[in-house]
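Chemist: Sequence below, structure please.
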Amino acid sequence: MSNSAGPRSTARDERGFPRFWDEERETLDPAKRDQHILERIQHQLRYVYAELPFYRRHYDAHGFHPDQVRSLEDFTTKVPVITKQMLVADQRENPVFGSYTRTFRHGEIARIHGSSGTSGVPTMYAVSRNDWERAGEAHAMAQWCAGIRPDDLVQVGFPFGLFFGGWGVVQGAERIGATLFPLGVTDSERHLELIERLGSTVFSATPSYCIHLLSVAQRMGIDLPRGTVRHLLVGGEPGGSLPGTRQIIEEGWGAISADAGSTSEMYPFQTSIGCEAGTGTHLYTDEVFTEVVDADDANTPTPVGERGAIVYTHLWRESQPMIRFAPGDETYLSTAPCPCGRTYPRLPEGVLGRLDDMLVIRGANIFPSGIETALRSVEGFGPEFRILVRKVGALDELTVQAEYSGDTAARVQGSGPEEAERHRDTLVSRAEEALKRMVGIRVPVQLLEPGTLPETTFKARRVVDERPRH
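Modeler: Below you'll find the model as predicted:
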């Protein structure tokens, strides 16, 4: 793929722009795409084995050689995965960028970014100029799929710093030719004021922050659905494609929400993007190959439609390529045709959550994303909730604390004591029924008044584990 000067498509959308960024590539027969993917996989395996000591040691230790991969099935069943812990350890032993990076001359690296670590020492990522340039094209293609066009004004609410964060939004919007307003992190009122003042048509932030701004707008008397924002580009955390969460965001803003997926390790390349058709997130598998495998055995593929663990592979990145990187996230695949015409596979609900966030309560596997989906399906709750996990006797018990919405609070306050109690009881009952349907066990719900819990201004932290540590 050559770097594009703009979209390549004969079909037109309702705004008069080309319907696709790269029509031939995005509508390619999946079997032909898989052949291209296999060729790139074989190239990358040969490259990392010959040039990057980290991979040679890893593969030799597992008795694997790149020549063993003759099919995509071979790739899944024979190539060992890598993890964040392995990358951190390698950078500690081989500073600064680890032995999974080739040596670059001065001027070859375009960007250095990083992600925070539990030890306080960030994991560092070096991006070559070739990789940064190619990634910009991938972000443009993804954002075009999400509905971003040259006549848009894109306001970015992600932080700009060590974290890759909003830089992908910047890359794609600039390549498309949209007007960019990289405001970054500021107070919520200022974001909303500047949206109104400038007439921003696209807003980009985490799903939690987009939901948080709904209550801020209500306090400020701003009618977001009547405003100028017509597209939301969300990411940075799971949940943006969950039906209930997406519905709250889209109805609250009066705009189409698209979930932009990636991880620090896979950046600067986009892994997936929400489709305007509302069918989930398309996987750009010819840029970042994505597998869904058994959560307990990364060399066992999971059938389409069944939940499993995600594994990512850079097909083009030369600087710090990730080959079968397992971030510990859960999802499921769909290969059903999409009304938009793109033939990439999809994640119908995006990334569902982290596998290490899974809670085992009375024999049931419960993910915070499942709790969120259930709560968002019940009208009357506000944006904030948390999940308390406690040890009661010999058993682990879970309780959901959730704020009711401002509208519900007004109805309760305007009622007599008995009617107010009925309002609360009904809301709790409906929430507990939704949770029982979603997670399979009874989960008690405690109602909280609006403003009780800390407001989410970046990434949501929902689980409070109060079980004793041994």
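
Chemist: domain ranges for this structure?
Modeler: 1-354, 358-465 (automatic domain parsing).

Chemist: which helices and strands does the helix or strand containing Glu372 pack with?
Modeler: Using DSSP states H and E, Glu372 falls within helix 368-376. In terms of contacts (3 or more CB pairs under 8 Å, 6 or more residues apart in numbering; DSSP states H and E), helix 368-376 is packed against helix 243-253, strand 381-392, strand 395-404, helix 417-439. In this view, the C-beta of every residue, glycine as well, is placed from N, C-alpha and C.

Chemist: for stretch 418-437, the distance to its chain's centre please.
Modeler: Counting by CA atoms, centre = their mean, to the nearest Å, stretch 418-437 is centred 31 Å from the centre of its parent chain.

Chemist: Which of the domains of the chain comes out lowest on mean pLDDT?
Modeler: Least confident of the domains of the chain, judged by mean pLDDT, is domain 358-465 with a mean of 80.

Chemist: Next, format the domains of the chain as a markdown table and append mean neighbour count.
Modeler: Formatted as a markdown table, the domains of the chain follow (neighbours: other CB atoms under 10 Å):
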| stretch | mean neighbour count |
| --- | --- |
| domain 1-354 | 19 |
| domain 358-465 | 16 |
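
Chemist: that older thread, tilt between the helix holding Glu372 and strand 381-392?
Modeler: 130 degrees (axes from the mean of the first three to the mean of the last three CA atoms, to 10 degrees).

Chemist: Any chance you could list what contacts helix 368-376?
Modeler: With contacts defined as CB atoms under 8 Å, 6 or more residues apart in numbering, helix 368-376 is touched by 238-239, 242-245, 247-248, 352-353, 357, 359, 381, 385, 387, 400, 402, 431, 434-435, 437-439, 443, 462-463.

Chemist: Could you export it as CSV, CA atoms only?
Modeler: C-alpha atoms of helix 368-376 as CSV (Å, rounded to 0.1, in the frame of the first residue of the first chain):
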residue,chain,number,x,y,z
PRO,A,368,-17.2,-5.4,34.7
SER,A,369,-18.3,-4.9,31.1
GLY,A,370,-21.3,-7.2,31.7
ILE,A,371,-22.3,-5.2,34.8
GLU,A,372,-22.1,-2.0,32.7
THR,A,373,-24.1,-3.4,29.9
ALA,A,374,-26.9,-4.5,32.3
LEU,A,375,-27.0,-1.1,34.1
ARG,A,376,-27.0,0.9,30.9
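
Chemist: Quick one: distance of it to the chain centre.
Modeler: A distance of 16 Å separates the C-alpha centroid of helix 368-376 from that of its chain, computed with CA atoms, centre = their mean.

Chemist: swap in stretch 399-409?
Modeler: 26 Å.

Chemist: Stretch 272-281 too?
Modeler: On the basis of CA atoms, centre = their mean, stretch 272-281 sits 12 Å off its chain's mean C-alpha point.

Chemist: And the contacts of that stretch?
Modeler: With CB under 8 Å, 6+ apart as the test, stretch 272-281 has contacts from 142-143, 145-147, 234, 240-241, 246, 256-262, 282-284, 290, 334, 338-340, 342, 346-350.

Chemist: May I have the distance across stretch 112-126, first residue to last?
Modeler: Taking CA to CA, to the nearest Å, stretch 112-126 runs 5 Å from one end to the other.

Chemist: Please name the nearest non-neighbouring residue to Pro182.
Modeler: Val156 (4.7 Å; CB to CB, 6 or more residues apart in numbering).

Chemist: for that neighbour, what are its contacts?
Modeler: Val156 is in contact with Gly166, Val169, Val170, Leu180, Phe181, Pro182, Leu183, Gly184, Ser204, Ala205, counting by CB under 8 Å, 6+ apart.
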